Every structure is written in structure tokens, then in C-alpha cells.
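Participant: using only what follows, build the 3D model:
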Amino acid sequence: MVDAAQRRRLAGDLRRRRLPRRPAGAEPEMSTSQSRFWGRASTGLALFSLIYLFYPVREIYLLDVSWAWRALGWTQIAVFAALYVVGWTRPGDLYPPAARKWLAARCVALAALACSLIPLLGTGALWLTAYLLAVSTFGLWRPWRWIVSCSLMVLAGLPSWLAPDSDGAVELLIYNLNLLVTFTLITEVVIRADGWEKAERHALVLEERNRMARDVHDLLGHSLTVVNLKAQLAERLLDKAPEQSRAELAQIREITSAALDDVRQTVTSARTATVVEELDHARDTLESAGVEVIVEGEPESLTPPVSLVAGWILKEATTNVLRHAAATRCRLVFKPRRLAISDDGCGLGETEHGGLKGMRERVAAAGGRLVLERSDLGGAHVEVTW
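Facilitator: So this is what the prediction gives:
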């Protein structure tokens, strides 16, 4: 039977190899694909809105002041624009608390620049509240984004209340109100989408843990039952047939050794490295074996739930290339919902080995589709789509 030391060693292996947990107090990060998409979209919107700075630039040009004052005003607007377009990668709610200080500093700096233009533009500087409103709604976090946004709306509405007949007062209020609604909706959509993706990833991790628990239970349950029966038989035969008893003990040793190996393989296969993390390991492993690695596309484009499965597929496919393909080149292609691995090795065999069967089962469980065929490089081509 498995002695106490082996049981403790096995339990220690299971504890050490469990799925990684986020440190206490750490803030969950936004998914890579959504951060990239919304970063580009938000930055594009910020750049587009800069065209409205043409009006304060023109107003400064039309002022009856010296060119030195004009140059100073245009410089302030340029700095304002540069500071405005920075930091649109994700909403302020999705930043960890330690990184939010610079978000607040950015808003304060923009407000200071806007106030510094009042001597030149007068009440016309209030049009810059539109940019402050956009930054505070998207870039700050609850409850401060509501406090600052509402304060800016009151500030922008002062001309329409104090001087209803002043030029553009009502238009400024309406424009800022539209901005407030638009950026509030955008911010909430991003936050909700990020939450859904995190929930999907969490569900996938829980499913993987349950699968690992079932596999370990099945392996140990069967093996320990057989070991128990053989140990009882060896005990009864110890005096009557010592040779047969030694044979039973030898089988017990073989069964326990095989069970420990199976448990280690099961736990190791459950490691939840993403495809980005696994790519570095695969590249190092293949190149150290003399295999040229060609990477096309960006592994960050795969969403986290897909990336977890893709990481396991990439690990298994890399192992197959090293063990069975005898390849000199391996091409890895990454697209948002597609992973392809091709090599110039000996191609696919007539029958699928256990690794390929495991890949097919893992992909099917994740709702994907696995294709195994001959590669245009001459070897095997493994493609997974979701």
C-alpha cells in the first residue's frame, strides 16, 4: 500500500500544482483583447474630438493681443490636447487603486490648463469643459466620476442660467449633456463586458478544477482499491506461499508507481497557462531543439477563456512536434478565435495517439473545432477555431 510519506508527498504535489490564485487585495486586470480594442476605439474618439479645438484656436487668433500672447495661448491648447489624448486605454474603474493617482492628476492638470485660458478666452474657455467632462466620465472611477461630471455640468450651465441670451450658452449645455450620456453608456458597456469575460474565465477555471478532481478521484479510487485487495491477499499468503506473496507485493509497487505518475500527469495537464505565457515556453523549447519558430499574428488577440484552452493546445502540439514530427520549422498563427500550428516534419500518423485524442476532447469541451491535416510546409497542421 501507499505509505504515509508517499501520501503526504502526493498531497503536497496537489496543493502546489493547484490553479494559481490572485493575491489578496490585488485588483483583477482587464482582459488583453478588450483592453486593446477599447484602447484603440477610445483613443480614436479622443483624437477625432480634437477638431473642436479649432474654435478656441481661432478665437485666440482673432483677439486684439500681441503675438506673444497668441503663442502662449496656442501652446497651452497644444499641451491641453496632448494631455487629453493620453490615458484612454480603459475606464478608471478598471484600474487598480495604486494606479489611479495619475488619473486624478491628469484631470487636475487639464482643469488647470482650462482655467489658465480664461484671461484670453473669457467665458469661451467653458467650451473646454466638454473635454474635461469626457475625461472625467471615462477616466475616473465611482463615485468621483459622478461627482466631477455633475460639477462640470453645473459649471457649463452657469452661462445659460446667468445670461440666457449669451452666445452658445444653451448649445454648450446641450452639447455637454450629450457627451455625459454618451461617455456614461460607453463606460458602462466596457465595464459590463469586462465583467462578463472575467465570469466566463472563472467558470472555465472552475470546470477545469472539477475535471482535474474527477480524474484524480478515478485514478486513485481504482488504484487504491486494487492495492487494498492485493495487500490483503499478500498478507494471507505470507506464511503459506511466500513467493506468491512477494509477487503480489511487487505488483502493488508497480500499481502505486503508475498511479503516482498518472496523478502527476493529470495535475500538470491542468495548469492554466494562457497562450501568451505558453508561447514563450514553446518558442524556447523548440528553438533549443533546433526548430525554427515562425509566429504570425498576436496571441493577445485571443480572449481569456479561449486563451486558456489555446495555451494547453499549444503546449500539447509543441510536445508532438518534438516527439513525433522530426521537424526543422514550426509556424504558429494566432487570430482572435483561431490557433494554427504547422510543421515541416513527417506528418500525421495513421492513428491518433493519446495526445491528439486529449486535444480533441479538450477543444470539444470548450465549444471549439479541431482540424488535423497535412500542412503546406509538408508536415502536420493542427488548427483550432471557436
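
Participant: all strands of the protein, in order?
Facilitator: Secondary structure of the chain (DSSP state E): strands at 292-297, 329-335, 338-343, 369-374, 380-385.

Participant: comparing the ones you listed, which comes out most buried?
Facilitator: strand 338-343 (a mean of 23; mean count of other Cβ atoms under 10 Å). Where you see a C-beta, it was placed from the backbone N, CA and C, and this is true even at glycine.

Participant: what strands line up against that one, and which way round?
Facilitator: Strand 338-343 has its sheet partners listed here by DSSP bridges as strand 329-335 (antiparallel), strand 380-385 (antiparallel).

Participant: of all these, which lies closest to residue 261?
Facilitator: Of all these, it is strand 380-385 that lies closest to residue 261, at 25.9 Å by Cβ to Cβ.

Participant: coming back round to it: how about the strands paired with strand 338-343, which one is nearest residue 323?
Facilitator: strand 380-385 (11.9 Å).

Participant: need the contact partners of that closest one.
Facilitator: Contact with strand 380-385 is made by 309-310, 313, 317, 320-321, 325, 337-343, 345, 347-348, 359, 363, 368-375, as judged by Cβ atoms under 8 Å, 6 or more residues apart in numbering.

Participant: quick revisit: distance to residue 246 and mean pLDDT for the strands paired with strand 338-343 - can I get that in TSV?
Facilitator: Shown next, in TSV, are those (distance: least, Cβ to Cβ, whole Å; pLDDT from 0 to 100):
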stretch	distance to residue 246	mean pLDDT
strand 329-335	49	92
strand 380-385	47	90
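
Participant: which one of the ones you listed lies closest to residue 55?
Facilitator: Taking the strands paired with strand 338-343 one by one with Cβ to Cβ, strand 329-335 is closest: 42.9 Å.

Participant: now the angle between strand 292-297 and that closest one, please.
Facilitator: 10 degrees (axes from the mean of the first three to the mean of the last three Cα atoms, to 10 degrees).

Participant: returning to that earlier point: of all the strands paired with strand 338-343, which one is nearest residue 234?
Facilitator: Taking those one by one with Cβ to Cβ, strand 380-385 is closest: 46.5 Å.

Participant: just for this protein, where's the confidence low?
Facilitator: Applying pLDDT under 70 to the chain picks out residues 1-40, 89, 159-169, 212, 215-219, 222, 265-273, 304-305, 349-355.

Participant: show me the helices in it, by range?
Facilitator: In the chain, the helices defined using DSSP state H lie at 4-16, 32-49, 54-62, 67-85, 101-116, 118-121, 129-139, 144-162, 169-240, 242-269, 275-288, 304-320, 354-365.

Participant: which parts of the third one are buried?
Facilitator: Okay, so that is helix 54-62. 56, 59, 60 (16 or more other Cβ atoms under 10 Å).

Participant: for the residues you listed, which one is nearest residue 225?
Facilitator: residue 56 (81.2 Å).

Participant: and the closest one, what does it touch?
Facilitator: By Cβ under 8 Å, 6+ apart, the residues touching residue 56 are 73, 77, 117, 121, 124, 125, 127, 128.

Participant: out of those, who has the most neighbours?
Facilitator: residue 128 (24 neighbours; other Cβ atoms under 10 Å).

Participant: and the gap between it and residue 122?
Facilitator: Distance of residue 128 to residue 122, given as Cβ to Cβ, to the nearest Å: 12 Å.

Participant: again with residue 250
Facilitator: 97 Å.

Participant: same deal with residue 83?
Facilitator: For residue 83, the distance to residue 122 - Cβ to Cβ - is 22 Å.

Participant: higher neighbour count, the two?
Facilitator: Comparing residue 83 with residue 122 by other Cβ under 10 Å, the one with more neighbours is residue 83, at 16 against 11.

Participant: wait, doesn't the more buried one sit right on residue 110?
Facilitator: Yes - with contact defined as Cβ atoms under 8 Å, residue 83 and residue 110 form a contacting pair (5.8 Å).

Participant: domain ranges for this protein, per the record?
Facilitator: 32-197, 203-269, 275-385 (automatic domain parsing).

Participant: can you give me how far the second one is from the chain middle?
Facilitator: Right, the one you point to is domain 203-269. Distance of domain 203-269 from the chain centroid (Cα atoms, centre = their mean, to the nearest Å) equals 39 Å.

Participant: can you check the last one too?
Facilitator: Here domain 275-385 is found 20 Å from its chain centre; the criterion is Cα atoms, centre = their mean.
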